[in-house]
Each structure stands twice: as C-alpha cells, then as structure tokens.
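> the following block contains a protein sequence and its predicted model.
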Amino acid sequence: MSGQSLLVPGELSPTRSVPGNIRRPEYVGKPSPTPYNGPEVQTPETIEAMRVAGRIAARAMAEAAKIIAPGVTTDELDRVAHAYMCDHGAYPSTLGYRGFPKSLCTSLNEVICHGIPDSTVLRDGDIINLDVTAYIGGVHGDNNATYLVGDVDDESRLLVERTRESLDRAIKAVRPGRQINVIGRVIESYAKRFGYGVVRDFTGHGINSSFHSGLIIPHYDSPHATTVMQPGMTFTIEPMLTLGTHEYDMWDDGWTVVTKDRRRTAQFEHTLVVTDTGAEILTLP
C-alpha cells in the first residue's frame, strides 16, 4: 500500500459561470430536485439525446484526464471539464445539484466518491477518479474513471485495473428479462477473488431527464434488487471497490465519502441502455 499521507480539504475557488444560453436542469437554484415520476424505459428520441449527452460527458472527462500529473490541482481538472461542457452547449450536471459547488467530482486515494475539486495538488503515486455528467437536450449522461498519477504502486494499480474489469463484466451481464441484482452478483463475486470490499451504500442509478430517477443499481448481490431489466431502460453501473473495508466516513462538507480504514478505493462508471440482446454504452467518447 502507498505510504501517502491522508487527504485533507483544500480551498474552493469561486463558482464557475455557465453561459446564459445553456439550458439548466430544473434543480439548479433549488435545495433538491423534483422527484422523478416518469418511466424507466425511454423513447428512442430520449435515448438518442442521451447518446449526445453521454458523448460530451465522456469527452469532457477525457480532456480533464489529459492534464492529470503530479503538481496539478483538482480545481484545474474541474476548470477543464467545465469549459469543455460549456463550449459544447452542455450544463455540468453536478454544478448546483443539491448544492454541490463544482462541475465534476474528483475523488483521490481513500475517497470513495463525491470529492469536491479544490486547491488539492496531485502527488506522484496518487490515484484519482473523475466523475463527469453532462446535461444537454433535456437529458443527462454520466460517467467516471480512475486514473494513475505518475508512478503508482502495484497494489493500487491492480485495484484500478480490476475495478475497470468488474464494470466490464457487469455490463456483459445486462440482458432483458434478468433481474437488476445480477449486476451486483457479478461485481461482488469478481471482487471477492481478490479480497476487495464492495461499497454498498452508494450505487448506480436510473438516469434520463432526471439525474437520479429513483431506480437503484446495487453493486453487491442484493436480494431486494428484483426489478426486471427491459429494453429501453437507462441506468448507470459504477462499482466502487476498496482494498479494505466497504464502510465509510463522511467529511463535514456533506459530500466527500472516505473509506473508514482510509485504504484506497477505485471506481468506474458508464451510462447504459438495455437493448434487445444486452446493453449499449451511452458514454463513449
């Protein structure tokens, strides 16, 4: 395990502006979004719009990832992703979602998810997850990936590689007629081979015109996840695997989730649509 010191909060930069001609999600400026009451199965028109949103989100993440290096701040990663989305007519979905102050999440080392970009400087040997969601055409596209910063120890590198593999395996398990819990079963059984923890309290989710529709996609084998997948359903799969415990603590900011034992964690995510034969990834660059 890396001997890096534990993360502490940095300083936030001022809120970034979004051009006035870019359509905002309905929750911006409100304490919480309006509950979604629509269908989980989407029309072909909505799915096509989600391909556009997903492509922008994937490209914005890739642009930010290009500058990942020791010495770069997480705020600079936010600046790059924010600019890319705005330049392509998309609103950064996280900005103003339940008060979140930035345009992507940057989760370093022991941060499971929802890290806030700030003055924190990347160090050689870190791992960092970028989680980017774009809103355009009235829909969201959501993806994330974990990246290596400089020379990373083997234990952390393998965690990242295997977390990506767990997502790939879960996507291959998606089929119409199967229950949602097959997704978590595949992830958990793979993770257990390496003694990894599987985060339980943060999950994948339904996504469409709503950022989080209410549909829950557990990454462990949940007996309660009995919803049957149907063609046209749209949701994310986003496994979070840990070197140690799946239990967590929350920072005082109300967002940053860290492993309780402060060991490292990795995550990968795609937005998918269930097809007649499997799944199509909507967040491809």
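On my side now, so go ahead.
> what about the helices in the stretch 51-200 of the chain?
Chain-ordered helices for the stretch 51-200 of the chain, with DSSP state H, counting those that start in this stretch as the definition, fall at 74-87, 154-172, 181-192.
> switch those over to CSV; also include mean neighbour count and distance to residue 115.
(Glycine included, C-beta is placed from N, CA and C.) Supplementary listing: those in CSV, determined by neighbours: other C-beta atoms under 10 Å; distance: least, C-beta to C-beta, whole Å:
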stretch, mean neighbour count, distance to residue 115
helix 74-87, 22, 7
helix 154-172, 18, 16
helix 181-192, 21, 22
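> which one of those lies nearest to residue 277?
The closest approach between residue 277 and any of the helices of the stretch 51-200 of the chain, judged by C-beta to C-beta, belongs to helix 154-172 at 11.4 Å.
> so what touches the closest one?
Helix 154-172 is contacted by residues 1-2, 125, 127, 145-148, 152, 183-184, 186-187, 190-191, 194, 196, 219, 237-241, 243, 264-270, 272, 278-279, 281 when judged by C-beta atoms under 8 Å, 6 or more residues apart in numbering.
> can you rerun that using 6 Å?
For helix 154-172, contacts defined as C-beta atoms under 6 Å, 6 or more residues apart in numbering pick out 1-2, 127, 146, 183, 186-187, 190, 237, 239, 241, 243, 264, 266, 268, 279.
> show me those that map onto strands.
Where the contacts of helix 154-172 overlap with strands, as defined by DSSP state E, the overlap consists of 127, 146, 237, 241, 266, 279.
> now, of these, which are buried?
Burial by neighbour count, judged by 16 or more other C-beta atoms under 10 Å, picks out 127, 146, 237, 241, 266, 279 from the ones in strands among the contacts of helix 154-172.
> now do the contacts for the first one.
By that I understand residue 127. Going by C-beta under 6 Å, 6+ apart, the list of residues near residue 127 reads 146, 148, 156, 160.
> export the helices of the stretch 51-200 of the chain to TSV and append columns for mean pLDDT.
TSV is the format used below for the helices of the stretch 51-200 of the chain (pLDDT from 0 to 100):
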stretch	mean pLDDT
helix 74-87	98
helix 154-172	98
helix 181-192	98
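> will you turn the ones you listed into a markdown table that also has distance to residue 100?
As requested, the helices of the stretch 51-200 of the chain are exported to a markdown table (distance: least, C-beta to C-beta, whole Å):
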| stretch | distance to residue 100 |
| --- | --- |
| helix 74-87 | 11 |
| helix 154-172 | 23 |
| helix 181-192 | 26 |
